[in-house]
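Q: generate coordinates for the sequence data below:
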Amino acid sequence: MRHRQLQYRRWLAVIALSAVTAGGAMWWYPSGESSPAAFTDTDASEQQTVSPASSPESGTGTATHTDAGPDASNALAVAASTPTTLGPDPFAASLEGTDIDGALKADANGTLIIDLATRDFFDYFLGTVGEVSPDVALDRIRALAFENLPRAAAEQAMALLDQYLDYKQQALALQATPLDPARQGDPAYQQQMLEKAFTDLKQLRQTVFSPEAHRAFFGMEEAYGEYTLATLEITRRTDLSDGAKTALIDWHRNQLPAPLLQTERRLLESNEENRQRIEIMKTAETPESAGQQLMDQGMSPDAAANVTAYLKEREDFDARYQQYSEALSQLKASGLADTDEAAQQARLLDQYFPDNKQHTWARLKMLGSNPP
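A: Numbers count the residues shown, from 1 in each chain. Okay, the predicted model is just below:
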């Protein structure tokens with residue numbers, strides 16, 4: 001059956017999403033048709049469900065919430081889902097050639113599955129606002145929901161989108177709080193403000209969303225935020241030894257959800273590997289020796305060859321810069337007028353650094369910056 005068109009009115013003027021401006025819409029129903037109510041707790045089982053208000057045409061449904069993990073929805077039987085692509089003619093040029101991030105999904109009972117993919121789906125479309133109007137982005141979300149999901153699930157998705165837009169507007173107001181100019185350089189004040197911003201944002205989410213939707217949308221993000229704040233606080237402490245700080249940070253890291261813990265460990269391993277590689281590049285006697293040591297550490301031959309070539313180029317640059325510096329000293333001692341000296345210096349730069357990249361390196365070095 002073809003779904004009846006839903007009317008809506010705009011209730012948010014303009015919302016900034018990341019670096020672009022986005023708008024919101026309050027979905028409402030014609031006279032005689034009830035809007036789905038905000039989600040509320042009804043069950044403490046592993047898969048939490050909540051009951052929206054009944055609609056005369058769709059009947060009473062439930063929205064199924066999953067845990068915050070990125071693969072949590074795999075445990076549910078997905079009976080309906082929005083498509084993975086917009087096809088060859090997307091409504092915004094920036095989406096061309098991309099797959100849709102996330103998805104709206106319904107289970108076998110025709111109810112919405114709420115997980116992190118739901119939020120990703122909303123963000124994929126809302127991120128185009130500024131390139132297209134808010135109405136265009138919101139209409140596309142709505143159309144995909146009602147074309148691909150049972151009506152009850154689509155209505156629940158629109159109610160949740162309403163909440164998400166409300167949250168975005170209020171979050172912007174929170175983030176607009178300015179720092180005290182007299183204290184913004186104080187690390188303790190910075191830590192205090194970070195903690196306050198994190199707490200205020202978490203409380204806002206708890207106010208706007210049901211506990212299950214809050215956990216599904218922001219559980220991972222908040223877990224990592226708590227870990228980051230704890231790490232910053234431990235690092236600042238002066239009453240702990242380095243070993244004690246490391247132990248405390250390790251403890252907090254181990255409290256992360258499994259997917260985040262795995263990612264954080266890979267990041268630490270990568271950082272340590274990079275540190276070791278930089279040390280090899282600094283201490284190796286020759287570029288060839290550095291390349292061999294890097295391959296011994298596991299770097300691919302092609303990558304090691306690139307490093308060797310770069311180090312050779314730096315050796316050549318250092319030798320040229322030494323010669324240039326000596327010539328420049330002789331020039332400054334020649335007693336030329338300032339304008340003549342400047343012209344001669346420019347000629348020396350071109351003479352010793354005909355390569356554009358090394359020419360730039362030389363100018364950076366003269367300005368007191370290390371070339372890349």
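
Q: all contacts plus neighbour counts: C-alpha atoms, from now on.
A: Will do.

Q: quick one: the residue nearest to residue 150 when sequence neighbours are not counted from residue 194, how far?
A: Leaving aside its sequence neighbours, residue 150 sits nearest to residue 110 (Cα to Cα, 6 or more residues apart in numbering; 5.5 Å). The gap separating residue 110 from residue 194 is 41 Å, by Cα to Cα, to the nearest Å.

Q: who has more neighbours out of these two?
A: In this view residue 110 and residue 194 are compared by other Cα atoms under 10 Å, and residue 110 has more residues nearby, 21 against 14.

Q: tell me the contacts of that one?
A: 61, 79, 80, 149, 150, 151, 152, 153 (Cα atoms under 8 Å, 6 or more residues apart in numbering).

Q: top of those by neighbour count?
A: Among the contacts of residue 110, residue 153 has the most neighbours (other Cα under 10 Å), with 28 neighbours.

Q: all strands of this protein, in order?
A: Along the chain, the stretches classed as strands by DSSP state E are 8-17, 20-27, 49-50, 63-65, 78-81, 105-107, 112-114.

Q: going by mean pLDDT, which of these comes out lowest?
A: Per-stretch mean pLDDT for those is lowest at strand 8-17 (a mean of 26).

Q: distance of residue 357 from residue 363?
A: For residue 357, the distance to residue 363 - Cα to Cα - is 10 Å.

Q: I meant residue 290, not that one.
A: Distance of residue 290 to residue 363, given as Cα to Cα: 27 Å.

Q: who has more neighbours, those two?
A: More crowded of residue 290 and residue 363, by other Cα under 10 Å: residue 290, with 24 against 14.

Q: can I assume the more buried one is in contact with residue 278?
A: No: assessed by Cα atoms under 8 Å, residue 290 is found out of contact with residue 278, at 9.9 Å.

Q: using CSV, lay out the contacts of residue 110 together with distance to residue 298.
A: Below are these laid out as CSV (distance: Cα to Cα, whole Å):
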residue, distance to residue 298
61, 55
79, 45
80, 45
149, 49
150, 52
151, 54
152, 54
153, 50
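
Q: now the helices for the stretch 151-300 of the chain?
A: 151-175, 187-208, 211-236, 242-254, 258-283, 287-296 (DSSP state H, counting those that start in this stretch).

Q: many thanks, have a good one.
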